[in-house]
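>>> Build the 3D model from these lines:
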Amino acid sequence: MVLSSPSNVVYCDFPDEQASLVAVFDRLIALQFEAVRAILDADLDPSSALAALVERQVALVLDELEFHTAWSREFKSLPAEDQYRLRRLQRLYTEEWVHALSAVRPDLSEGEIRVIAYGVIALLQSAADFGSGLSAEVLRSLFTSAAKAAIDAAGR
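Numbering: from 1, shown residues only. The predicted structure is shown next:
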């Protein structure tokens, strides 16, 4: 089987479609972690780091739209142990956002920061849930602006 996976092509034999989906989803989460680590390890001020996280998440969703769409549609069909493991990795990824948001919005409680982190990530991933017909450039601008507005407006 040949899978066009996030950011490369994977050539391998998988026992079934679920196994191939798990491999692609693992790679998608790995890409997210690589991006967030690179941003947070860079010498950026907190606002710039958060802006880079938003821009990278938008780019990842738009560049890998078919895989985010597959995630939305197919995740619940995966074996329970894979769902659990992948959700755990998602939570760890979201924790990186929580740390970045905390540095930018110290006026908010931890609970408020978590709601914003999950909400902004969901907002950005929603690009995979519908076909707007808009160009990638327009979507990139709209989603980036919406995420920044949500972060800035929270708790005010």
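
>>> contacts, neighbours, all on C-alpha from now
Will do.

>>> can you give me the helices for this protein?
Using DSSP state H, the helices of the chain run over 17-41, 46-63, 65-74, 80-104, 110-125, 136-153.

>>> Worst mean pLDDT among these?
Across these, helix 65-74 has the smallest mean pLDDT, namely a mean of 77.

>>> Please identify the buried residues of it?
Residues 65, 67-69, 71 are the ones in helix 65-74 that count as buried (16 or more other CA atoms under 10 Å).

>>> right, so the helices of the chain: which one is the most enclosed?
Mean neighbour count (mean count of other CA atoms under 10 Å) peaks for helix 46-63 among those, with a mean of 19.

>>> the inter-axis angle of it versus helix 110-125?
Interaxial angle, helix 46-63 versus helix 110-125 (axes from the mean of the first three to the mean of the last three CA atoms, to 10 degrees): 40 degrees.

>>> mind checking the end-to-end distance for stretch 125-134?
Using CA to CA, to the nearest Å, one end of stretch 125-134 lies 16 Å from the other.

>>> what residues does that stretch touch?
Residues outside stretch 125-134 that contact it (CA atoms under 8 Å, 6 or more residues apart in numbering) are 58, 61-62, 65-66, 68-69, 72, 139.

>>> Please repeat the previous calculation with a cut-off of 6 Å.
65, 68-69 (CA atoms under 6 Å, 6 or more residues apart in numbering).

>>> would JSON lines of those residues with distance to residue 54 be doable?
Below are the contacts of stretch 125-134 laid out as JSON lines (distance: CA to CA, whole Å):
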{"residue": "65", "distance to residue 54": "16"}
{"residue": "68", "distance to residue 54": "16"}
{"residue": "69", "distance to residue 54": "19"}
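
>>> leaving aside the residues next to it on the chain, what's closest to the residue most central in space within the chain?
Nearest to the geometric centre of the chain sits residue 57, at 5.2 Å (CA atoms, centre = their mean). Sequence neighbours aside, residue 124 is the residue nearest to residue 57 in space, at 6.9 Å (criterion: CA to CA, 6 or more residues apart in numbering).

>>> Cool, thanks, signing off.
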